[in-house]
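Novice: Need the 3D shape of this:
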Amino acid sequence: MNAHDLRMQEAHEGRPKSPGIPLRNPIHPSVIEHLDPAFVKLYNDHIANGPPTSTDLNVVRQNYSALYSYAAAPATGVGGIGETQVPGWDKYPGDINVRVYVPPGEETGQRKVWPVHFNFHGGGWAVGDLETDAHICHHICASVPCCVIDVEYRLIPEYPFPIGIMDGMAAVAHILGNHKTFSIDPANMTFGGESSGATIALVLNHLFRDGGLGEKLKGVIVGTPTISDVRKYATPDMSPWPSMREAEWAPLLNWEKLKWFDTFKWISVSNQHPTKPKEQRRDISWFADAMNAPDFSNLAPLTYLATAEVDPLRDEAEAYAQKVEAAGNKIIVRRFRGVPHHFMHMDRVLPQGREYVQDVISHIRQCLYPPSAPAATTPPET
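Specialist: Okay, the predicted model is just below:
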């Protein structure tokens, strides 16, 4: 056995770097053979001997956006970054933060009008902020001549679900209505995000079509969305999705964590706001299970949906994609092998993460700058 084979074997066996010292939080045997050895090594080096995952929501929030910073590829080359506030969902009045990434290519004192990509971060509806997807937003803005606007929607349980979806819709509508202030083209936009942020982007695809604004949306480019209502199932065996059972013990996101996050969703529907719980439940509509969307027709010209092989959410996302396709929409689905839910935040180390980021960049560029576009909209060199 050569040195390479030995490293591969050690990764699959989950051995620590120091022989004889057991890992504090080893990868579960049921999934380790399905994981890429590169991820197993990354996990063993950086996570396996760390402290147990906290169940204190405030602690999780403090650490969430930096969890995988050791494996995220730094990105540079944007023209500028600024932050401002826009109104959130008017049912719960208040402003929310947005971060605006401007691409390079503007002369001093001059502002160009850019196409725009709206990003919605993940975090199970309960955690996450403008740092969560910062490196991905950087990559997009540095590689595609478009403005990237990252939306920091309000979180559950302080606000009732679906606050993230409705804040997202309100923010986009406000920014489009003030497009001259943001120096964007309101008729040329894409949506994107990962995890619950991906779900927001997918749901807004339906809502903007219903609101008569669907022609402005040129594409939805997302990864590892949460689709179904996990509250329906007490155990993974009760779920209709095989990936819930196959990845019950997956690293980073597993059945137990899904249920933990889901608890906050339903805690959020309470008497803590003037809106009565009965009305709050009506507001949830079909958003708790996007498979129940009433109409899948005439969605954005392109949907790109990435899933992770070792992710309990894999199969429901791919089933949603099938409904999008069955309704006559163009959709590209790519399953990334050997990686868990959060793989796109590890693009400095994992080739799957790099390929995902490149897919996102490629499809956003394709949507915002289609080959048939007039020469005047040809992107400037970056």
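Novice: okay, CA-based contacts and neighbour counts for the rest of this
Specialist: Noted.
Novice: Run through this protein and note the low-pLDDT ranges.
Specialist: Across the chain, residues meeting the criterion (pLDDT under 70) sit at 1-21, 108-109, 271, 373-382.
Novice: residues touching the residue most central in space within it, list them.
Specialist: When CA atoms, centre = their mean is applied to the chain, the residue found nearest the centroid is Glu194 (1.0 Å). Applying CA atoms under 8 Å, 6 or more residues apart in numbering to Glu194 gives the contacts Phe120, His121, Gly122, Val222, Gly223, Thr224, Pro225.
Novice: I'd like to know how far the fifth one sits from Pro74.
Specialist: By that I understand Gly223. Gly223 sits 20 Å away from Pro74, going by CA to CA, to the nearest Å.
Novice: again with the second one
Specialist: Distance of His121 to Pro74, computed by CA to CA: 18 Å.
Novice: how about Pro370, secondary structure?
Specialist: Secondary structure state of Pro370, per DSSP: H, G, I helix; E, B strand; the rest coil, is coil.
Novice: Can you show me the strands along the stretch 51-200 of the chain?
Specialist: Taking DSSP state E, counting those that start in this stretch, the strands of the stretch 51-200 of the chain run over residues 80-87, 95-102, 114-120, 147-152, 184-194.
Novice: Between His121 and Pro74, point out the one with more neighbours.
Specialist: His121 (30 against 14; other CA atoms under 10 Å).
Novice: That one touches Leu130, doesn't it?
Specialist: Yes - in terms of CA atoms under 8 Å, His121 counts as a neighbour of Leu130; the distance is 7.4 Å.
Novice: Please identify every residue contacting each of the two.
Specialist: The contact lists of His121 and Leu130 share Asp150, Val151, Glu152, where a contact means CA under 8 Å, 6+ apart.
Novice: Now do the same contact list for the closest residue in space to the second one that isn't next to it in sequence.
Specialist: Meaning Val151. Counting by CA to CA, 6 or more residues apart in numbering, Val98 is the residue found nearest to Val151 once chain neighbours are left out, at 4.7 Å. Val98 sits next to Glu83, Thr84, Gln85, Val86, Leu130, Ile149, Asp150, Val151, Glu152 when contact means CA under 8 Å, 6+ apart.
Novice: Narrow those residues to just the buried residues.
Specialist: In the contacts of Val98, burial by neighbour count holds for Val86, Leu130, Ile149, Asp150, Val151, Glu152, counting by 16 or more other CA atoms under 10 Å.
Novice: In JSON lines, list these along with distance to Pro236.
Specialist: Below are the buried ones among the contacts of Val98 laid out as JSON lines (distance: CA to CA, whole Å):
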{"residue": "Val86", "distance to Pro236": "40"}
{"residue": "Leu130", "distance to Pro236": "32"}
{"residue": "Ile149", "distance to Pro236": "36"}
{"residue": "Asp150", "distance to Pro236": "33"}
{"residue": "Val151", "distance to Pro236": "32"}
{"residue": "Glu152", "distance to Pro236": "31"}
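Novice: and the two most separated of those residues?
Specialist: Farthest pair in those (CA to CA) is Val86 and Leu130. Separation: 14.2 Å.
Novice: So His273: helix, strand or coil?
Specialist: Of the three states, His273 takes coil under three-state DSSP.
Novice: Quickly name whichever of the contacts of Val98 is closest to Lys41.
Specialist: Nearest to Lys41 out of the contacts of Val98 is Leu130 (CA to CA; 28.6 Å).
Novice: Skipping adjacent residues, who's closest to the closest one in space?
Specialist: Nearest residue to Leu130 in three dimensions, chain neighbours excluded: Glu152, at 5.9 Å (CA to CA, 6+ apart).
Novice: Likewise for Pro340?
Specialist: The shortest distance from Pro340 to any non-neighbouring residue, by CA to CA, 6+ apart, is to Val310 (4.6 Å).
Novice: Is it correct that that neighbour falls within a helix?
Specialist: No - going by three-state DSSP, the assignment for Val310 is coil, not a helix.
Novice: count of neighbours near it?
Specialist: Neighbours of Val310 (other CA under 10 Å): 29.
Novice: OK, contacts around it?
Specialist: Val31, His34, Leu35, Ser243, Glu246, Ala247, Ala250, Arg337, Gly338, Val339, Pro340, His341.
Novice: Just the closest of the residues you listed to Thr181, please.
Specialist: Nearest to Thr181, judged by CA to CA, of the contacts of Val310 is His341 at 36.5 Å.
Novice: can you pull the contacts of that closest one?
Specialist: Ser195, Thr224, Leu252, Leu253, Thr307, Ala308, Val310, Asp311, Leu313.
Novice: where does the third one fall, helix, sheet strand or coil?
Specialist: Meaning Leu252. coil.
Novice: surely it meets Pro340?
Specialist: Yes - in this structure, Leu252 is within contact of Pro340 by CA under 8 Å, at 7.0 Å.
Novice: More neighbours: those two, which one.
Specialist: The residue with more neighbours, out of Leu252 and Pro340, is Pro340; 28 against 15, by other CA under 10 Å.
Novice: tell me which element that one falls in.
Specialist: In the assignment (DSSP states H and E), Pro340 maps to no helix and no strand.
Novice: Could you double-check that it sits in contact with Glu309?
Specialist: Yes - counting by CA under 8 Å, Glu309 is a contact partner of Pro340 at 6.6 Å.
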